[in-house]
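K.L.:
Below is the structure, and that's it, no one-letter string:
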């Protein structure tokens with residue numbers, strides 16, 4: 001028996017010796033700070049650790065100095081060493097189980113919630129619900145809700161007011177939140193984010209409550225302390241709404257807070273809610289549902305805006321002009337809805353930077369790729385097939401998006417018994433690519449391309465083909481946290497070919513081509529909260545090859561004609577100022 005007791009004690013001791021170090025190794029020896037980290041700058045120190053280990057640092061780069069790191073020589077755990085390195089600068093470090101390392105000034109971040117953080121539902125409450133609801137989310141106690149942020153640095157200047165600016169992005173895909181509103185609770189002052197998610201607001205120095213709202217995100221409340229001019233970037237969580245009833249209402253807040261007249265904007269989410277044409281969302285057909293827009297007829301791609309002719313409508317996709325906006329005799333739009341983020345229609349009071357169109361501007365923004373994860377989506381309709389591929393090039397800083405669409409309408413035409421239709425041919429395809437790069441907090445680069453073509457044949461006697469090709473290179477620079485500089489190089493090309501063999505004696509072929517090259521730069525200045533000044537220059541070169549009119553075959557008596565070439569240069573300087581005279585009056 002004594003020997004048995006000794007054997008049991010020995011086994012217990014051996015188990016502890018084996019198992020305990022396994023747990024400790026995973027916690028303390030994953031990250032080793034050796035002499036190679038000594039005397040590195042703080043930035044290089046962080047980059048080296050992130051590249052070698054699966055961790056990520058979070059800290060305010062503007063307030064934490066880029067000091068020289070001195071690694072302690074004793075055998076301390078990684079987190080203890082890190083806290084000792086940061087102690088002379090009054091900063092503390094904390095790390096959660098996912099490898100997120102939080103560096104904060106004076107106050108330590110707690111990465112674990114208290115035991116009673118989630119309130120348990122009692123049996124009575126469960127019965128009172130009558131089992132009618134399947135709650136997806138747990139309600140939490142109202143603690144750790146208010147966030148505090150400091151903007152600027154104390155004693156930077158003697159001004160009584162300061163400018164706060166930054167970007168508002170989504171936590172889901174790191175894309176900018178467009179049209180989000182930021183309200184100062186104490187003063188009632190409201191500003192909104194632009195197309196890049198950027199905002200700027202002027203405030204007197206002091207403490208405020210900032211309320212951030214957006215249609216697709218949860219409301220966020222932040223206590224801010226404004227010390228001087230500074231940057232405040234914000235990230236909002238996606239809002240999921242469980243619908244219990246349907247309420248039809250207008251965008252009252254947009255009407256009250258916007259001064260732009262003749263302005264319509266639709267996002268992809270809204271576009272997909274509208275009934276489809278042959279299973280394919282059509283941006284052009286959707287625009288016909290807007291006030292003041294009328295179709296010029298069935299089977300035609302154009303439309304009239306408040307009575308103006310179709311040639312006064314300008315179609316742009318990421319600043320690239322598109323000269324034929326339809327596929328298949330006007331039955332389909334030339335823009336793949338899966339690759340489009342939103343479109344804006346200006347019907348009056350057109351901004352100065354768009355030039356001199358008399359009727360309307362149809363401005364389309366291509367979707368940016370997901371900067372966090374790779375994804376593929378696609379779909380098949382009765383006449384088309386499409387696919388969208390997107391993902392990060394470098395996580396959280398650059399992305400790509402490729403959208404492809406094509407038709408198999410030939411197969412459908414062959415099923416029709418009428419020879420005039422079954423002997424016809426109709427094909428089209430388009431491709432959109434978009435590459436986005438966040439070079440740093442002040443600079444963004446975007447590379448975009450668009451390609452589409454159509455090829456149609458009616459009873460093998462009339463053949464038509466045309467193509468749109470174009471691209472743009474855009475650079476956006478943030479100046480002093482509140483001004484924007486945008487520079488763009490734009491190219492667009494359109495060609496058209498027709499062949500007519502209805503009568504052999506008069507069969508012919510004609511073609512033409514248009515090339516458009518453009519340089520455009522714009523500067524948006526915000527001297528204060530009441531003025532937004534936009535100025536810039538643009539220069540466009542047009543090369544028009546009017547083509548040739550040629551006999552289609554030897555039996556044709558058509559005389560060859562060279563219609564010649566033309567070119568034109570159009571340059572402009574533009575300037576506009578939006579002045580908020582009173583809270584309800586803008587000029």
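P.N.:
Thanks, I have the structure now. What you see is a predicted model, and the numbers here were worked out from it, not measured in a lab.
K.L.:
from here on, contacts and neighbour counts on C-alpha atoms
P.N.:
Will do.
K.L.:
Could you list the low-confidence segments of this protein?
P.N.:
1-30, 113-146, 156, 241-243, 249-260, 272-279, 297-302, 356-358 (pLDDT under 70).
K.L.:
What are the boundaries of the helices in it?
P.N.:
Assigned helices in the chain, in chain order: 2-28, 42-52, 78-86, 123-128, 252-257, 268-271, 283-287, 409-414, 419-422 (criterion: DSSP state H).
K.L.:
gap between the third one and the chain center?
P.N.:
The chain centroid and the centroid of helix 78-86 are separated by 38 Å under Cα atoms, centre = their mean, to the nearest Å.
K.L.:
Show residues contacting it.
P.N.:
28-29, 31-33, 69-72, 91-95 (Cα atoms under 8 Å, 6 or more residues apart in numbering).
K.L.:
in that helix, what counts as buried?
P.N.:
Using 16 or more other Cα atoms under 10 Å as the burial criterion, the residues of helix 78-86 that qualify are 78, 79, 81, 82, 83, 84, 85, 86.
K.L.:
how about TSV for those residues, with distance to residue 235 added?
P.N.:
Formatted as TSV, the buried residues of helix 78-86 follow (distance: Cα to Cα, whole Å):
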residue	distance to residue 235
78	29
79	27
81	31
82	27
83	27
84	31
85	29
86	27
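K.L.:
hang on, the earlier thing: among the contacts of helix 78-86, which are located in strands?
P.N.:
91, 92, 93, 94, 95 (DSSP state E).
K.L.:
In this structure residue 109 contacts residue 100, no?
P.N.:
No. Using Cα atoms under 8 Å, residue 109 is not in contact with residue 100, being 11.2 Å away.
K.L.:
tally of neighbours for residue 192?
P.N.:
21 (other Cα atoms under 10 Å).
K.L.:
Across the sheet, point out what pairs with it.
P.N.:
Assessed by DSSP bridges, residue 192 has beta-bridge partners residue 181.
K.L.:
if I look at it, how far off is residue 152?
P.N.:
Distance, residue 192 to residue 152, by Cα to Cα, to the nearest Å: 21 Å.
K.L.:
got it, and residue 43?
P.N.:
On the measure of Cα to Cα, residue 43 and residue 152 end up 21 Å apart.
K.L.:
In contact with residue 340, which residues are there?
P.N.:
268, 364, 365, 366, 367.
K.L.:
Can you name the residues that contact the third one?
P.N.:
The reference is to residue 365. Contacts for residue 365 (Cα under 8 Å, 6+ apart) come out as 317, 318, 340, 341, 342, 343.
K.L.:
shouldn't residue 453 be in contact with residue 466?
P.N.:
Yes. If you go by Cα under 8 Å, residue 453 and residue 466 touch, sitting 5.7 Å apart.
K.L.:
residue contacts, the closest residue in space to residue 530 that isn't next to it in sequence?
P.N.:
Leaving aside its chain neighbours, residue 530 sits nearest to residue 580 (4.9 Å; criterion: Cα to Cα, 6 or more residues apart in numbering). For residue 580, the contact set (Cα under 8 Å, 6+ apart) comprises 530, 531, 586, 587.
K.L.:
for residue 398, which residues make a bridge with it?
P.N.:
For residue 398, the beta-bridge partners are residue 394, residue 437 (DSSP bridges).
K.L.:
Does it touch residue 372 like I think?
P.N.:
No. Using Cα under 8 Å, residue 398 is not in contact with residue 372, being 9.2 Å away.
K.L.:
measure residue 107 to residue 57 for me?
P.N.:
According to Cα to Cα, residue 107 stands 16 Å off from residue 57.
K.L.:
how's this structure carved up into domains?
P.N.:
Per the record, the chain has its domains at 23-105, 145-258, 350-586, by automatic domain parsing.
K.L.:
Could you look over those and pick the most buried one?
P.N.:
Of these, the one with the most neighbours on average (mean count of other Cα atoms under 10 Å) is domain 350-586, at a mean of 17.
K.L.:
for that one, how far is the first residue from the last?
P.N.:
Start-to-end span of domain 350-586 (Cα to Cα) is 16 Å.
K.L.:
Off-centre distance for that domain?
P.N.:
So, by Cα atoms, centre = their mean, the centroid of domain 350-586 is 19 Å from its chain's centroid.
K.L.:
what's in contact with stretch 289-296?
P.N.:
264, 287, 288, 302, 303, 304, 305, 306, 347.
K.L.:
Take the residues you listed and write them to JSON lines, including neighbour count and distance to residue 497.
P.N.:
Converted to JSON lines, the contacts of stretch 289-296 look like this (neighbours: other Cα atoms under 10 Å; distance: Cα to Cα, whole Å):
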{"residue": "264", "neighbour count": "15", "distance to residue 497": "35"}
{"residue": "287", "neighbour count": "22", "distance to residue 497": "29"}
{"residue": "288", "neighbour count": "15", "distance to residue 497": "29"}
{"residue": "302", "neighbour count": "20", "distance to residue 497": "20"}
{"residue": "303", "neighbour count": "21", "distance to residue 497": "23"}
{"residue": "304", "neighbour count": "19", "distance to residue 497": "26"}
{"residue": "305", "neighbour count": "24", "distance to residue 497": "29"}
{"residue": "306", "neighbour count": "14", "distance to residue 497": "32"}
{"residue": "347", "neighbour count": "21", "distance to residue 497": "32"}
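K.L.:
Of all pairs in the residues you listed, which one is the farthest apart?
P.N.:
264 and 302 (18.1 Å; Cα to Cα).
K.L.:
For the nearest residue to residue 560 once chain neighbours are set aside, give the beta-bridge partners.
P.N.:
In space, and not counting its chain neighbours, residue 560 is closest to residue 550: 4.5 Å by Cα to Cα, 6+ apart. Beta bridges link residue 550 to residue 509 when assigned by DSSP bridges.
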